[in-house]
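**Student:** Got a predicted structure plus its sequence, pasted below:
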Amino acid sequence: MPQTQRITPERLRAFFHPRSIALVGATDNSGWSLNTFANLKTFGGGPLYCVNPRHETVHGEPAIKSLRDLPEPIDLAYLMVPASQLYPVAAEAAEAGIRNLVILTAGFSETGAEGARLEQQLLALAQERDLLLLGPNGNGFINASAQLAPYGLPVTPPLLRGPVGVVLQSGALASAILTLAQAHAIGISLLVSMGNEAMISTTDVIDYLIEDEATRVIALFLESIRQPDELRRVAQKALERQKPIVALKIGRSALSARTALAHTGALVGDDAVNDAAFRQLGIIRVDSLEDLLITSGLLGYVGPLPGRRMGVVTPSGGACDILSDRAQQEGIELPEFAPATVERLRALLPAFSTIHNPIDVTGYVVVDRLLTQRALEIVIDDPGFDFVLCLVDPPRVEPAQLQPLLERYDLLGKTVREARLPVVVLANTCIDLTPFGRSIVERAGIHFVGGMEHGMTALGKALWWSEVYRAAQEAPSQTAIPDKIILDASPGGTWSEFQARKLLEAQGIPLVPGMLATSEEAAVQAAQTFGFPVALKIQSGAIAHKSDIGGVLLDRASEDAVRQGFRTLMNLAHSRLLPSTVEGVLVSPMRPAGTELLVGVLRDPLWGLVLAVGLGGIWAEALKDTSVRVLPVDRSEIVTMLHELRGAAVLRGTRGQAPVDMAALADVIFRVSQVALGFQEHLDALEVNPLLVSGPTIEALDVLVTWKDAT
C-alpha cells in the first residue's frame, strides 16, 4: 500500500468488524493483557486465540506458540509484544495472512529518534505487505454497534449502542469518555484510540464514520492536527452528509511559536487560527469532555434544529430564570405563546400560575404528575416555535408503585417521537443516571440532555451547526483562488515600505500617495507636490517597525521642517544600519483622523495563509481586537469578520462619527487577501497597518511584506 494512498472506509469497515482475533503477547502477568482478554470475552462472539511461545496456558486458555500455528485464518491481531520484537511479529502476521493489526506497544516515535526509526521500519513493512496498522502506542478500539472490544483498558458492561462515533488522540481518556457516556445513556457506535497514527489516521477514521450508518455525529479529542488538508476534506464531506463533527482541541494556552516580523504575528496565536479553521469547516469546538459528549449526544439523538425560536416547559420558576438568561447568552429566542396556546394553558394550570414563555407549570406537579406532560403537548402545538425544551428529571430510585412511573415516562417518550418539531428533554443538573434511571430512559426511548448549563451550551452549539449546515446546502462556498502573481525577481527577506507599496499599487490596493526622497531637496519637492503638512518615514528592508526606532516624523509643516526631518532620519539610519540598506525617506501627505484598522495576512505553519482584521495603528497589539480566518474567504465573510470585532461599534458610527461603508471596506480587505494568495508559496506576511477609513476614503498608510526565506 503506497504511503500516499488514502485508507478507504471500505477497508476500515473490515478492520473494525473482525470475526476472529489473536491476542499476541498474551500473559497473565500484564494488566493490559488481562483487560483486553476480558473485553474480548465479554464483547465478542468469534474465535479468540492467545499467542505466547513461553506458556502452555494463558488466561485459562491453551496458548498458541506462534501466529504460524493458528488453526484457521483470523481477521485481526492485537499485538502487545515489546517494541524490539514487534517488527518480526508483524512480519509473521503478514506470512500468516493477517492483514489487520492493532498495536498496543509503546516505545516508538513518541520516545524520540530511535523510536521513530523503528516506527518507520514497521510502516514500510505494512505498506510492502498490504497490512493495516492502528497505533502503535494505542489502546485499540471499541465497536459498540457490533459489540466488539479489542481494547486494552477495562470496559464495564453494558456497552450501549448509539449514534456517537468517538475518535481520541488519547488512550487514557477513553475510559472517562465511556464512563460519562454510560452515566448519561449516550450510546456510541465506535470508539478508537489512535495512538501514534503511523498508518491509520484520525481523518481516516472520521471518513469511515461519515459513511457508517450507525453513526450520526462524530466526537473528537484532538491533541494535534496532523493532516489539515485531509481534515478539510472530511469536514466538507461530513457537512454534505449531515454528520456534525464536535471537537475538543487542547492547547489553547500554548503560545504561538511563529516569529513573524509583522504585528499580526503577535496578535494571532496558533489556537486562534485553529478556532477560525474549525468555524470555517463547520466543526463544533467545545471546551470540556462534558460538553463534548453532551453536545454530541444532543445532535446524535435530536438532530439538526430548524431555527432559534424555543418554547420552554418547566416545573420551576427558578429554572425559567436560569434558562432565560442562558438563552440570551446563546442567542436563542423565547417568543411569547400564541393566544390559543395561552388560553389552553390557562385552562390547564392553576389560577396562580403566570402564562408566558418559559412556562412554569408550578409545584402543582406534586399533585398532578402529568401536568408537565399536558403542558408540553399544548406548547408543541404552538406554531411560533422551532423546537421545544422540556425540563424533566429522570427517576433515580425505583418507587413502591412502579407502573404509574413507567406509564408517565413512556408517554413522554411517545410525545417526543411523535412531535411535529424537535423536543429536547433536559435534566436539571448534569448528574449521573442511576442504573434504574438508565433502564427507564432506554425503555421509554428518551434522551436526557445533562443539565441546564451544559445543555444550553450544547443547544447553542447545535443551533450554530444547524445554520452552517443549511447555509452550505443552499449556497456552497466557491471562493476563487487568484492567479499567481509573477514577481520580477525571487523575493527574500523583508521589503521596505517603498518596495512593498509598488507591489501593492500594481495590484490595485489603494495607498496614500508617497515619493521616495534621497536628498533634502527631493524631500522638499515631494512635500510641495503633496502640500504641507507631510509625514517622513525612513526606508530600509532592515527595519520592520519604523516607529519603534524613531523612524517616523509626522506633521512636518514647512520646508525647513522637512529638511531638518530628512537629516534627522538619515543620521538615525546611518547610525544603526549599513548604508547599503538605507533607501531614503518616504514623503507622504498627512491625512485627517479616521478609523484605523490592521489588515494582516501571515503564513500559519499548519493551515497556510491566514487573514486577521482588527483595530489598528499604534493600538493594534495593545487592544488585540482581531477576527481571524484561514484563506481563501469571500467578501461576505469579511463583513462578518468586521462585525465580530469588539470595536465594531466604531465602524458602525458612534458619538457623531459617520458609519464606515462596510461593503467598500470589505472589498479592499478582500483585494489584500487575494494579493496575498497570489504570492502563493513565497509570502510569509503581508500587513497593512494602518488601513485608514475616513469618510468615503479608504487608504493604506503603511505596508509591510516579508517573504518565507526571511532570516
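**Tutor:** Structure's in. What do you need?

**Student:** switch to C-alpha atoms for all contacts and neighbour counts from now on
**Tutor:** Fine.

**Student:** Which secondary structure element of the chain has the lowest mean pLDDT?
**Tutor:** Lowest by mean pLDDT, DSSP states H and E among the helices and strands of the chain is helix 263-267, with a mean of 52.

**Student:** which stretches of the protein have low pLDDT?
**Tutor:** 1-5, 253-269, 476-478, 488-490, 617-623, 655-656, 709-711 (pLDDT under 70).

**Student:** residues contacting the most centrally placed residue in the chain?
**Tutor:** Centre of the chain computed as the mean C-alpha position; nearest residue by Cα atoms, centre = their mean is residue 278, 3.5 Å away. Remark: with contacts taken as Cα atoms under 8 Å, 6 or more residues apart in numbering, residue 278 is in contact with 284, 285.

**Student:** how about 7 Å then?
**Tutor:** With contacts taken as Cα atoms under 7 Å, 6 or more residues apart in numbering, residue 278 has the following neighbours: residue 284.

**Student:** Equivalent analysis for the one 5 residues further on, please.
**Tutor:** Listed by Cα under 7 Å, 6+ apart, the contact partners of residue 283 are 245, 246, 247.

**Student:** Contacts for the helix or strand that contains the second one next, please.
**Tutor:** Assigned by DSSP states H and E, residue 246 falls within strand 245-249. Residues from elsewhere that reach strand 245-249 (Cα under 7 Å, 6+ apart): 217-223, 283-288, 292, 296.

**Student:** and those, which are buried?
**Tutor:** Of the members of the contacts of strand 245-249, the ones counted as buried by neighbours, 16 or more other Cα atoms under 10 Å, are 217, 218, 219, 220, 221, 222, 283, 284, 285, 286, 292, 296.

**Student:** how about those residues in JSON lines, adding secondary structure and distance to residue 364?
**Tutor:** Conversion of the buried ones among the contacts of strand 245-249 to JSON lines gives the following (DSSP: H, G, I helix; E, B strand; the rest coil; distance: Cα to Cα, whole Å):
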{"residue": "217", "secondary structure": "strand", "distance to residue 364": "38"}
{"residue": "218", "secondary structure": "strand", "distance to residue 364": "41"}
{"residue": "219", "secondary structure": "strand", "distance to residue 364": "40"}
{"residue": "220", "secondary structure": "strand", "distance to residue 364": "43"}
{"residue": "221", "secondary structure": "strand", "distance to residue 364": "44"}
{"residue": "222", "secondary structure": "strand", "distance to residue 364": "47"}
{"residue": "283", "secondary structure": "strand", "distance to residue 364": "43"}
{"residue": "284", "secondary structure": "strand", "distance to residue 364": "39"}
{"residue": "285", "secondary structure": "strand", "distance to residue 364": "40"}
{"residue": "286", "secondary structure": "coil", "distance to residue 364": "38"}
{"residue": "292", "secondary structure": "helix", "distance to residue 364": "36"}
{"residue": "296", "secondary structure": "helix", "distance to residue 364": "34"}
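
**Student:** Now do the strands in the stretch 301-450 of the chain.
**Tutor:** Per DSSP state E, counting those that start in this stretch, the stretch 301-450 of the chain has strands spanning 310-314, 359-360, 387-391, 423-426, 448-449. These are given in chain order.

**Student:** The residue nearest to the centre of the chain and residue 232, how far apart?
**Tutor:** Here the distance between residue 278 and residue 232 works out to 9 Å (Cα to Cα, to the nearest Å).

**Student:** Likewise for residue 195?
**Tutor:** Between residue 195 and residue 232 the computed distance is 21 Å (Cα to Cα).

**Student:** who has more neighbours, these two?
**Tutor:** Neighbours per residue, other Cα atoms under 10 Å: of residue 195 and residue 232, the larger number sits with residue 195, 26 against 19.

**Student:** Would you check how far apart that one and residue 126 are?
**Tutor:** Relative to residue 126, residue 195 is positioned 16 Å away (criterion: Cα to Cα).

**Student:** picking that back up, what residues of whichever strand or helix holds the residue nearest to the centre of the chain count as buried?
**Tutor:** In the assignment (DSSP H and E), residue 278 maps to helix 270-281. Applying a neighbour-count criterion of 16+ other Cα under 10 Å, one finds 270, 271, 272, 273, 274, 275, 276, 277, 278, 279, 280, 281 buried in helix 270-281.

**Student:** quick revisit: okay, the strand holding residue 246 in CSV with CA atoms only?
**Tutor:** The C-alpha coordinates for strand 245-249 follow below in CSV (Å, rounded to 0.1, in the frame of the first residue of the first chain):
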residue,chain,number,x,y,z
ILE,A,245,-18.2,16.9,14.0
VAL,A,246,-17.7,18.0,17.6
ALA,A,247,-14.1,18.6,18.7
LEU,A,248,-12.3,19.2,22.0
LYS,A,249,-8.9,20.5,20.8
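
**Student:** what's residue 533 in contact with, if anything?
**Tutor:** For residue 533, counting by Cα under 7 Å, 6+ apart, the contacting residues are 555, 556, 557, 589, 590.

**Student:** Counting neighbours, which of those residues comes out on top?
**Tutor:** Neighbours here mean other Cα under 10 Å. Within the contacts of residue 533, the largest count is held by residue 589, at 24 neighbours.

**Student:** nearest to residue 567, of the buried ones among the contacts of strand 245-249?
**Tutor:** Looking at those and their distance to residue 567, the nearest is residue 285, at 54.9 Å (Cα to Cα).

**Student:** Is the nearest residue to that closest one once chain neighbours are set aside bridged to anything, and to what?
**Tutor:** When the adjacent residues along the chain are set aside, residue 285 lies closest to residue 247, with 4.9 Å between them (Cα to Cα, 6 or more residues apart in numbering). Beta-bridge pairing of residue 247 under DSSP bridges involves residue 220, residue 285.

**Student:** burial of residue 247, as a residue count?
**Tutor:** Look at residue 247: counted by other Cα under 10 Å, it has 27 neighbours.

**Student:** again with residue 484
**Tutor:** Other residues within reach of residue 484 by the criterion other Cα under 10 Å amount to 14.

**Student:** Surely it touches residue 682?
**Tutor:** No: the pair residue 484 and residue 682 does not pass the contact test of Cα atoms under 7 Å, sitting 10.4 Å apart.

**Student:** buried sites along the helix or strand hosting residue 36?
**Tutor:** Using DSSP H and E, residue 36 sits in helix 31-42. Of the residues in helix 31-42, those buried by neighbour count under the rule 16+ other Cα under 10 Å are 32, 33, 34, 35, 36, 37, 38, 39, 40, 41, 42.

**Student:** Now the first one. Nearest residue, chain neighbours left out?
**Tutor:** Computed as Cα to Cα, 6+ apart, the closest residue to residue 32 that is not its neighbour in sequence is residue 152, at 5.1 Å.
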